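K.L.:
Pasted the sequence and its predicted model underneath.
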Amino acid sequence: MSKKLLKPNNFSMHEDWTVVLLGSLVILISILFFQVPVPVFKWDSSTVLFDKVLQFDNLRAILVQFLFILSIGSLGTLVMGKSVRNFVLGFPVVYVLTIIALVIAGSSTMRSFNLEAVIFSLIIGLAIGNFFKLPDWFRTALSTELFVKIGLVLLGTTVIFADILKAGSLGLIQALVVVLSVWYFAFWLCKKLKVDDELTMMISSAVSICGVSAAIATSGAIKGDSKKLSYVISMVLITAIPMMIFMPYIANYFSFPQAVTGAWLGGSIDTSGAVVASGSMVGDEALKISTIVKFSQNVLLGIAAFAISIYWSYTNHTDESGERVKPTLGVIWERFPKFVLGFIGASLLFSFFLSKGTVADVKDGLKNLQGAWFALAFTSIGLETNFKDLFKNNSKKPLYAFLTAQLFNVIITLIIAFFLFG
């Protein structure tokens with residue numbers, strides 16, 4: 001590969017500010033000019049697969065989405081001073097692998113287990129990245145952090161404060177109590193088991209707040225290792241499946257009220273999709289309450305990322321040479337994850353400044369793009385991660401810490417749910 005191909009641009013902008021710029025641009029384009037079509041990936045038979053998913057109009061929607069994300073990603077690569085040509089050459093491979101993951105996740109079998117596309121993106125990426133030798137230029141073209149953080153900014157468009165406040169304050173109270181108690185228990189437990197600092201922060205946030213998104217946001221706030229992030233995400237997604245299936249049956253066996261069951265499910269299951277699926281198994285009231293509680297926890301994501309970034313600055317304040325740095329306001333601001341500003345700004349915009357009609361018109365398209373960015377990120381994480389690193393011997397302690405903290409989460413959330421909703 002020629003040196004010209006690998007040569008970066010002279011101009012560069014910090015990645016977090018780039019993400020705020022690009023996320024804001026995607027939102028403004030969707031509101032004012034153009035809405036990216038939403039491709040269909042759900043299918044329950046080979047006939048539906050070919051007649052809907054692989055049908056010409058849907059393939060055209062996938063192509064339009066590809067060109068849109070390619071354009072936004074290329075702009076981000078340019079302003080960060082990286083090789084645009086490498087990105088343009090490597091991105092189509094990542095995108096095709098991600099589409100394959102989305103198609104697999106769209107099958108009725110996978111949907112019945114509520115297996116999300118990101119887990120298939122990660123598996124496909126790991127399989128290819130560990131069994132095939134990828135060229136160095138391709139690995140350097142992977143834009144994992146860019147994809148993740150743009151997805152987080154777009155996630156802010158789904159966190160609508162007005163809807164949560166309208167639904168009632170009990171969900172917010174439960175979310176706050178659960179997040180604080182579970183986070184500190186998980187943090188304490190990880191320290192007792194001598195789990196490293198990065199995994200401790202990611203595990204604590206993932207268990208207590210909102211699973212995948214919280215782990216991603218925390219990793220961004222502390223500039224965490226993507227290999228550790230993929231390990232935490234795998235634990236979140238794998239444990240969500242049995243919780244989603246068995247918790248409704250436990251609630252039914254002990255005749256819990258629907259409101260209590262909904263609060264229990266929403267406060268303890270770590271992925272929004274699994275919360276909706278389990279709530280639906282119980283009833284309409286349980287579904288409503290579980291969704292409110294989960295949304296309430298999502299609202300706390302931005303605040304948590306802000307608090308974590310400040311804590312990390314005070315406890316891990318070293319410069320590039322490893323020397324200790326006094327945690328001044330300047331250091332805190334430097335380490336503060338700027339994408340949180342984009343997340344909060346998007347949430348405020350969609351909560352208080354846009355009409356209900358505008359929100360309704362653009363929410364599906366933006367949610368689709370958010371899911372696409374996340375899926376692309378996990379394909380990239382898989383491609384750049386060594387499979388052995390996820391399951392080496394010293395990774396057992398984080399697993400024990402996660403499972404124990406999750407058990408504590410289930411118990412304390414049930415107690416709080418009975419106290420508030422019983």
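P.N.:
Sure thing, it's come through.
K.L.:
Counting neighbours, what do you get for residue 418?
P.N.:
Per other CB atoms under 10 Å, the neighbour tally for residue 418 reads 15. All C-beta atoms are positioned from the backbone trio N, CA, C, and that covers glycine.
K.L.:
who does the host helix or strand of it touch, helix- and strand-wise?
P.N.:
Element membership of residue 418, judged by DSSP states H and E, is helix 396-421. Judged by 3 or more CB pairs under 8 Å, 6 or more residues apart in numbering; DSSP states H and E, helix 396-421 is in contact with helix 170-192, helix 197-205, helix 226-253, helix 258-268.
K.L.:
just the ones you listed: most buried one?
P.N.:
Highest mean neighbour count among the helices and strands packed on helix 396-421 (mean count of other CB atoms under 10 Å): helix 258-268, with a mean of 27.
K.L.:
Following element in sequence after the helix or strand of the chain with the lowest mean pLDDT, please.
P.N.:
Across the helices and strands of the chain, mean confidence by mean pLDDT, DSSP states H and E is lowest for helix 3-6: a mean of 42. Next helix or strand after helix 3-6 toward the C-terminus (DSSP H and E): helix 15-32.
K.L.:
residue boundaries of the helices in the stretch 1-150 of the chain?
P.N.:
With DSSP state H, counting those that start in this stretch as the criterion, the stretch 1-150 of the chain has helices at 3-6, 15-32, 46-48, 56-79, 84-105, 108-112, 117-131, 136-141, 144-155.
K.L.:
re earlier: what distance separates the helix holding residue 418 from the centre of its chain?
P.N.:
With CA atoms, centre = their mean, to the nearest Å as the basis, helix 396-421 stands 21 Å off its chain's centre.
K.L.:
Which positions within that helix qualify as buried?
P.N.:
397-399, 401-402, 404-406, 408-410, 412-414, 416-417, 420-421 (16 or more other CB atoms under 10 Å).
K.L.:
Go through stretch 207-225 and flag the buried ones.
P.N.:
Using 16+ other CB under 10 Å as the test for burial, stretch 207-225 gives 207-222, 224-225.
K.L.:
Just the ones of the residues you listed in helices?
P.N.:
Using DSSP state H, 212, 213, 214, 215, 216, 217, 218, 219, 220, 221, 222 are the members of the buried residues of stretch 207-225 that sit in helices.
K.L.:
so what's the fourth one closest to, chain neighbours aside?
P.N.:
Spatial nearest neighbour of residue 215, excluding adjacent residues (CB to CB, 6 or more residues apart in numbering): residue 206 at 4.1 Å.
K.L.:
can you pull the contacts of that neighbour?
P.N.:
Shown here is residue 206, whose contacts under the criterion CB atoms under 8 Å, 6 or more residues apart in numbering are 212, 214, 215, 218, 232, 233, 235, 236, 270, 402.
K.L.:
Residue 211 versus the last one, what's the distance?
P.N.:
In this structure, residue 402 lies at 11 Å from residue 211, with CB to CB, to the nearest Å as the measure.
K.L.:
and which of the ones in helices among the buried residues of stretch 207-225 is nearest residue 197?
P.N.:
Minimum separation from residue 197 among these (CB to CB) is found for residue 222, which lies at 8.0 Å.
K.L.:
quick one: what helix or strand has the closest residue to that closest one other than its chain neighbours in it?
P.N.:
Distances taken as CB to CB, 6+ apart put residue 312 closest to residue 222, at 4.7 Å, once the chain neighbours are dropped. Assigned by DSSP H and E, residue 312 belongs to helix 284-315.
K.L.:
Taking their axis directions, that helix and helix 258-268 sit at what angle?
P.N.:
For helix 284-315 against helix 258-268, the angle by axes from the mean of the first three to the mean of the last three CA atoms, to 10 degrees is 30 degrees.
K.L.:
which helices and strands sit right next to helix 284-315?
P.N.:
helix 161-167, helix 170-192, helix 197-205, helix 212-222, helix 258-268, helix 272-282, helix 329-335, helix 339-348.
K.L.:
Tabulate those helices (a markdown table), appending distance to residue 116.
P.N.:
A markdown table is the format used below for the helices and strands packed on helix 284-315 (distance: least, CB to CB, whole Å):
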| stretch | distance to residue 116 |
| --- | --- |
| helix 161-167 | 23 |
| helix 170-192 | 22 |
| helix 197-205 | 18 |
| helix 212-222 | 8 |
| helix 258-268 | 17 |
| helix 272-282 | 6 |
| helix 329-335 | 30 |
| helix 339-348 | 20 |
